[in-house]
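Peer 1: Sequence and predicted structure below; questions after.
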Amino acid sequence: MDYRARMHGAFDEGRSEGFRQGAEEKACETVRKLKAMGIPVEQITESAGLTLGEIREL
């Protein structure tokens with residue numbers, strides 16, 4: 001594999017990781033807002049796809 005192909009692969013991997021982290025941060029932000037609004041944690045778990053423990057940690 002040449003240098004250019006390796007760099008392109010590394011760039012794609014980095015971008016994918018960045019998108020994943022951004023989505024995770026946005027989900028956490030949304031969960032915090034829902035908790036602040038008084039939404040029951042059980043309802044948040046159903047909509048956010050996180051476990052009860054993960055939501056309680058936020």
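Peer 2: Sure, I can see it.

Peer 1: Could you pull up the mean pLDDT of stretch 37-50?
Peer 2: Across stretch 37-50, the average pLDDT comes to 88.

Peer 1: Name the residues of it that are buried.
Peer 2: Within stretch 37-50, the residues that count as buried by 16 or more other CB atoms under 10 Å are 41, 44-45, 48, 50. For glycine as for every other residue, the C-beta is placed from the backbone atoms N, C-alpha and C.

Peer 1: Go through these and flag which are in helices.
Peer 2: 41, 44-45, 48 (DSSP state H).

Peer 1: what about Ile39, which SS state?
Peer 2: For Ile39, the secondary-structure state derived from DSSP: H, G, I helix; E, B strand; the rest coil is coil.

Peer 1: For it, give me its contacts.
Peer 2: Contacts for Ile39 (CB atoms under 8 Å, 6 or more residues apart in numbering) come out as none.

Peer 1: From Leu52, how far out is it?
Peer 2: 13 Å (CB to CB, to the nearest Å).

Peer 1: Also Glu29?
Peer 2: From Glu29 to Leu52 the distance is 19 Å (CB to CB).

Peer 1: now Gly14
Peer 2: 32 Å.

Peer 1: and what of Asp12?
Peer 2: Taking CB to CB, one finds Asp12 at 35 Å from Leu52.

Peer 1: again with Glu24
Peer 2: On the measure of CB to CB, Glu24 and Leu52 end up 18 Å apart.

Peer 1: So what angle separates the directions of the helix ranked longest in the chain and helix 41-48?
Peer 2: Criterion DSSP H: the longest helix present in the chain is helix 3-36. Counting by axes from the mean of the first three to the mean of the last three CA atoms, to 10 degrees, helix 3-36 lies at 150 degrees to helix 41-48.

Peer 1: I'd like to know which elements helix 3-36 is packed against.
Peer 2: Secondary-structure packing of helix 3-36 (3 or more CB pairs under 8 Å, 6 or more residues apart in numbering; DSSP states H and E): helix 41-48.

Peer 1: Mind doing that once more with 10 Å?
Peer 2: Judged by 3 or more CB pairs under 10 Å, 6 or more residues apart in numbering; DSSP states H and E, the packing partners of helix 3-36 are helix 41-48, helix 52-57.
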